[in-house]
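Enquirer: output the structure for:
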Amino acid sequence: MTVTGGIIIAIGGFGPALSIGFIGAKAIEAIGRNPEAAGKIMVNMLIAMAFAESIAIYSLILAF
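Expert: Model (predicted):
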């Protein structure tokens, strides 16, 4: 792996890491405000986190 591959992975991992943290924080906040909707919130949270994580996987593929 070259230096550019490392840079791609670093930048490509930074965005998804921030977005996953933001999604998780907002989901926990929403569950705290409305505990009855925890099931619906968790499903949507996991789907959003999976989409954010796919961006990190794309950057890993581009690095190679």
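
Enquirer: use CA for all of it now, contacts and neighbours both
Expert: OK.

Enquirer: find the centremost residue of the protein, please.
Expert: Closest residue to the average C-alpha location of the chain: residue 20 at 3.2 Å, with C-alpha atoms, centre = their mean.

Enquirer: can you name the next helix or strand after the single longest helix found in the chain?
Expert: In terms of residue count, the longest helix belonging to the chain (DSSP state H) is helix 3-33. Later in the chain than helix 3-33, the nearest helix or strand by DSSP states H and E is helix 38-63.

Enquirer: so for that following helix, mean pLDDT?
Expert: Averaging pLDDT along helix 38-63 gives 91.

Enquirer: if you count neighbours, what's buried in that helix?
Expert: Going by neighbour count (16 or more other C-alpha atoms under 10 Å), the buried part of helix 38-63 is 38, 41, 42, 45, 48, 49, 52, 53, 56, 59, 60, 63.

Enquirer: the last one and residue 5 touch, don't they?
Expert: Yes. Counting by C-alpha atoms under 8 Å, residue 63 does reach residue 5; the two are 4.2 Å apart.

Enquirer: common neighbours of these two, please.
Expert: By C-alpha atoms under 8 Å, 6 or more residues apart in numbering, residue 63 and residue 5 have no common neighbours.

Enquirer: and the spatially closest residue to the residue nearest to the centre of the chain that is not a sequence neighbour, how far from residue 27?
Expert: Leaving aside its sequence neighbours, residue 20 sits nearest to residue 49 (C-alpha to C-alpha, 6 or more residues apart in numbering; 5.6 Å). Using C-alpha to C-alpha, to the nearest Å, residue 49 is found at 11 Å from residue 27.

Enquirer: likewise for residue 52?
Expert: Computed as C-alpha to C-alpha, the residue 52 to residue 27 distance reads 15 Å.

Enquirer: check contacts around residue 44.
Expert: Counting by C-alpha under 8 Å, 6+ apart, residue 44 has no contacts.

Enquirer: with that, I have no additional questions.
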